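Q: here is my input, please return the structure:
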Amino acid sequence: MKASAIPKASLDPHRNYVDTFITVAPDSTAKEGTAPPVRDEVPTIPQLEFELLSKSPGKWTQQELQFAVHLRREGIAAAEAKSRHRELWEAFFSKSHACLRASALPKKYGWGLRFDSDGRITLVSVESSEYARIAAGREAGTKIVPAMRSRRAM
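A: Residues are numbered from 1 along each chain as shown. Purely as a prediction, here's the structure:
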């Protein structure tokens, strides 16, 4: 399903980041951005997030990405997703979901998440000069927030 199928007005501003950069978690040991490993026949959430974001940079908002991952994990066919879109969207977002600060991509796999002024996400590898520039606060108007730690601070 195309992200554009979701009217911008239906995107909840409290569930989408705008002009924000989520840095790699402070306790991450990642030295470079890597693809999450394939484990089982059923793709993991980090695998699906990585696949969607790496194939289509700047296409997805947080809500759109979470919903697309949900549809794939549940095995909901594109035709059914299209015909029942509103119902599925409302059912999925009737429950709370962790934001992408809790994603394994910035916590474990070395990816910063750059949200533009429309909330669209681009992956930025931790070893890149772009990551260093944005994380250092050299992108005007961009709020910098760290990914959540995997462990409590000692």
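Q: hmm, residue 61 and residue 16 touching each other?
A: Yes: proximity of residue 16 to residue 61 meets the contact threshold set by Cβ atoms under 8 Å, at 4.8 Å. Where you see a C-beta, it was placed from the backbone N, CA and C, and this is true even at glycine.
Q: common neighbours of those two, please.
A: With contacts taken as Cβ atoms under 8 Å, 6 or more residues apart in numbering, residue 16 and residue 61 have 115, 119 as neighbours in common.
Q: tell me the confidence at residue 54?
A: Note on residue 54: pLDDT of 97.
Q: ignore what I typed, I meant residue 13.
A: According to the prediction, residue 13 has pLDDT 54.
Q: what of residue 112?
A: Note on residue 112: pLDDT of 97.
Q: over to residue 10?
A: pLDDT at residue 10 comes out at 47.
Q: and for residue 23?
A: Per-residue confidence (pLDDT) for residue 23: 97.
Q: cool, residue 75 as well?
A: Residue 75 is given a pLDDT of 92.
Q: likewise the one 5 residues further on?
A: Per-residue confidence at residue 80 stands at 93 (pLDDT).
Q: list the contacts for it?
A: Counting by Cβ under 8 Å, 6+ apart, residue 80 makes contact with nothing.
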